[in-house]
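Engineer: I need the structure of the sequence given here:
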Amino acid sequence: MPSVTVSISIPATPEKVWAVVSDVANAQRWNKAWSRIELTTALSEGRGTRFRAHVDDEDGAGHAFEFEITEWLAPEHIVFTPIRDPDEELYQISLDWHAFRIVPLDGENSRVDLTAQATTRGLRGRFAGLLLWPGHQRPGLEEALSSLAELFGVEPADDPS
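Structural biologist: Residues are numbered from 1 along each chain as shown. Sure, this is the predicted structure:
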């Protein structure tokens, strides 16, 4: 299963970083690709929370992606897993999950790791997953971490990892 992880140091405690990352209703603050978040369960935090992330395309058309929080260990770890229709067409590469891990560095700083993992199907999928998928995912993960860091006063960098 291919995966890619990017990391950034943030001048905030894990609890402060967690408060932002786990605020699912406002996740578009750190993921600029998501224009709007819609909670689809009564839960607003914790494992089992489901939400729809809306993405506006350049041509004005929009798409929505369904997610569920499948792991929640405050203030250390949260996993967002796509919800798929079991009858949905399976692609050669499919995202399994995005995960944040927040690691204390010292009293006032944290390292945030953001990982994306996928499943591949078939020989072409396996090949693309190993050689192409990490490079395709990395810019989006770096942009999300950069946006998260900006919320804590970190200036944007050319390469946040």
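Engineer: in the longest strand that the chain contains, what counts as buried?
Structural biologist: Longest strand of the chain, by residue count under DSSP state E: strand 93-106. For strand 93-106, a neighbour-count test (16 or more other C-beta atoms under 10 Å) marks 93, 94, 95, 96, 97, 98, 99, 100, 101, 102 as buried. Any C-beta I mention is one placed from the backbone N, CA and C, and that applies to glycine too.
Engineer: ditto for stretch 20-37
Structural biologist: Going by neighbour count (16+ other C-beta under 10 Å), the buried part of stretch 20-37 is 20, 21, 22, 24, 27, 28, 30, 31, 34, 37.
Engineer: Export those residues as JSON lines, with columns for pLDDT.
Structural biologist: Converted to JSON lines, the buried residues of stretch 20-37 look like this (pLDDT from 0 to 100):
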{"residue": "20", "pLDDT": "96"}
{"residue": "21", "pLDDT": "96"}
{"residue": "22", "pLDDT": "95"}
{"residue": "24", "pLDDT": "92"}
{"residue": "27", "pLDDT": "93"}
{"residue": "28", "pLDDT": "93"}
{"residue": "30", "pLDDT": "93"}
{"residue": "31", "pLDDT": "92"}
{"residue": "34", "pLDDT": "91"}
{"residue": "37", "pLDDT": "94"}
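Engineer: host element of the residue of the chain most remote from its centre?
Structural biologist: For the chain, the residue at maximal distance from the C-alpha centroid (C-alpha atoms, centre = their mean) is residue 123, at 26.8 Å. Residue 123 is part of helix 122-131, with elements assigned from DSSP states H and E.
Engineer: follow-up on the earlier one: any chance of the buried residues of stretch 20-37 in TSV, with distance to residue 150 too?
Structural biologist: What follows is the buried residues of stretch 20-37, written out as TSV (distance: C-beta to C-beta, whole Å):
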residue	distance to residue 150
20	11
21	14
22	18
24	19
27	15
28	13
30	9
31	12
34	16
37	18
